[in-house]
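# what's the 3D shape of this:
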Amino acid sequence: MKIKILGAAKEVGRSAFLIQSEKSQVLLDYGVALKKEPDFPLHVQPKDIDAVVISHAHLDHSGFVPSLFSGEASMDVFGTKPTFELTELLIEDMIKISGFYLPFEKIDLVKMMQHVRELNYREVKKIKDLGICLYESGHVLGGSTVMIENNNKRIFYTGDINTRGSKLLRPADLDIGEIDLMLIESTYSQTEQTPREQSEKALLEFAYHIVENGGTLFIPAFSVERSQEIACVLKAYGFPHKIVMDGMALKVNEIMIKFPQYLRDPDVFEKVINEIEWIQNESRRRKIVNEPCVIISPAGMLVGGSAIFYMKGIAPNDKNGIALVSYQGENTPGRTLLEKRTFRIEGRNIKCMADVRKFEFSGHNSRSELFEILDRIKGNPKVLTIHGDGQSCIKFAQEIKEKYGFDAIAPDTGDTIEV
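Numbers count the residues shown, from 1 in each chain. Here you go, the predicted structure:
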């Protein structure tokens, strides 16, 4: 087999990898990098592709798949059932709100969804001479790692992985046997994140401080899982004050309730989701912004969504608080708020008087956890470090080579590696 790197080389975003065997070509993910002007992965000829595997719903892994269906393509698209429901929701929203050029339209998403083929974890699917199997990744609902097999050679793709799990999800399944090549994410390969329990308690303390002093705490969070995770964290610690949720996170709630078998504890999740208030109309939205409570709503980086409305009401008052619990990409409103304490509303920058704090709630593994994955790997695989900034990928590959003796490299976009 050969693997061609189409994106996510020394960068986070536009994950895309082409697996080529004697008889078939399969894409592992085909995502976008959402910046002011989005970046897309290297082009492939749709007519040459036999199948696409979507590891999980996040747009940097799924967002460019509809572009393959703008012509007469008829390839199958594989993934878990919740991955497809969440992917459709996120891509539809991207098309709706994009102020930039996308080389596909809603009709192409519709065509893509007509070609989805649902797989369960550990179910092997044959595509000509290739075998595909998904394993639980612990990253988001329905998220998967991917194994590709051909002629007794095995390629393992971590996608985005979380071996510690969360309040919502079980840890990643690493019972995968021997492998010959590994694509491993490097997002936090050079960083130890704040221990989760420490982040949870710090957020809880901040929530008490703001609400019990008569303020409103706004938590802009990714709609897929982060919003729900934050609600579960507050409830797990017995937070007694009102918690409300708004925006696309409400649609995600409905999808998550439909798939209890993918959750760590579905009964606890359903109890939490039913106890919080779902904001259903504009009049309630206008009232809640002035009540002492916690408001959870997308977008996580404050790019659009109902977050803009809430920022207008929350930012000018120094009694209020804003808790950033999602990754804040470069040049996003959330990063500007964090660094400069300003926010752009209706064409002008306003000074944010509310107390702004950042809390780490990543769905990715930290440095030590990535090494724990490598400790458990069987075989003597080639290792490709991907999905991290340039130095993270390069240094991680060097460390893997020194510690394990594996042939490890940080590939460039366009590189082809054989196994």
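
# do you know how far Trp278 is from Pro41?
36 Å (CB to CB, to the nearest Å). Quick note: C-beta positions are derived from backbone N, CA and C, even for glycine.

# please disregard the earlier target; I meant Ser62.
Counting by CB to CB, the gap from Ser62 to Pro41 is 12 Å.

# do the same with Lys271
41 Å.

# got the domain ranges for the chain?
According to automatic domain parsing, the chain comprises the domains 2-191+363-418, 196-358.

# give me the phi and psi for Lys47.
phi -70, psi -20 (degrees, to the nearest 10).

# can you verify my assumption that it contacts Leu68?
No: counting by CB atoms under 8 Å, Lys47 does not reach Leu68; the two are 9.7 Å apart.

# and Trp278 and Pro41? Which one has more around it.
Neighbour count, other CB atoms under 10 Å: between Trp278 and Pro41, Pro41 has more, with 26 against 14.

# show me which of Lys47 and Leu68 is the more surrounded one.
Leu68 (23 against 11).

# residues contacting that one?
27, 30, 44, 46, 49, 52, 75, 112 (CB atoms under 8 Å, 6 or more residues apart in numbering).

# which ones among those residues lie within strands?
27, 30, 52 (DSSP state E).

# and which of the residues you listed is nearest to Thr216?
Tyr30 (40.1 Å; CB to CB).

# what two of the contacts of Leu68 are the furthest from one another?
Greatest spacing in the contacts of Leu68, by CB to CB: Val44 and Met112 (14.8 Å).

# between those two, who's got more neighbours?
Ranked by neighbour count (other CB under 10 Å), Val44 and Met112 place Met112 first, with 26 against 18.

# so the more buried one sits against Val65, correct?
Yes: shown here, Met112 and Val65 form a contact pair, counting by CB under 8 Å, at 5.7 Å.

# now for those two: what residues contact both?
Val77.

# that older thread, okay if I get the domains of the chain as a markdown table plus mean pLDDT?
Shown next, in a markdown table, are the domains of the chain (pLDDT from 0 to 100):
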| stretch | mean pLDDT |
| --- | --- |
| domain 2-191+363-418 | 95 |
| domain 196-358 | 93 |
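
# returning to what we had before: any chance of JSON lines for the ones in strands among the contacts of Leu68, columns distance to Ile5 and neighbour count?
Converted to JSON lines, the ones in strands among the contacts of Leu68 look like this (distance: CB to CB, whole Å; neighbours: other CB atoms under 10 Å):
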{"residue": "Leu27", "distance to Ile5": "12", "neighbour count": "25"}
{"residue": "Tyr30", "distance to Ile5": "13", "neighbour count": "28"}
{"residue": "Val52", "distance to Ile5": "16", "neighbour count": "27"}
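
# looking at those, which is nearest His139?
Once CB to CB is applied, the member of the ones in strands among the contacts of Leu68 that ends up nearest His139 is Tyr30, at 17.6 Å.

# Ala231 versus the closest one, what's the distance?
Tyr30 is 32 Å from Ala231, by CB to CB.

# same question, Gly379
For Gly379, the distance to Ala231 - CB to CB - is 41 Å.

# comparing these two, which shows the higher neighbour count?
Ala231 (27 against 14).

# return the residues in contact with that one.
Neighbours of Ala231 in contact, by CB under 8 Å, 6+ apart: 243, 245, 272-273, 276, 296.

# what about those residues, which are in strands?
Per DSSP E, the contacts of Ala231 map to strands at 243, 245, 296.

# dump those residues to TSV, plus neighbour count and distance to Ser21.
Converted to TSV, the ones in strands among the contacts of Ala231 look like this (neighbours: other CB atoms under 10 Å; distance: CB to CB, whole Å):
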residue	neighbour count	distance to Ser21
Ile243	22	50
Met245	25	45
Ile296	28	45
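
# relative to Ser199, which of those is nearest.
Looking across the ones in strands among the contacts of Ala231 and measuring by CB to CB, the closest to Ser199 is Ile296, at 15.5 Å.

# hmm, Ile230 and the closest one touching each other?
Yes: counting by CB under 8 Å, Ile230 is a contact partner of Ile296 at 5.6 Å.

# any idea how many residues pack against Arg357?
Residues near Arg357, counting by other CB under 10 Å: 16.

# also Glu212?
Neighbour tally, Glu212, other CB under 10 Å: 11.
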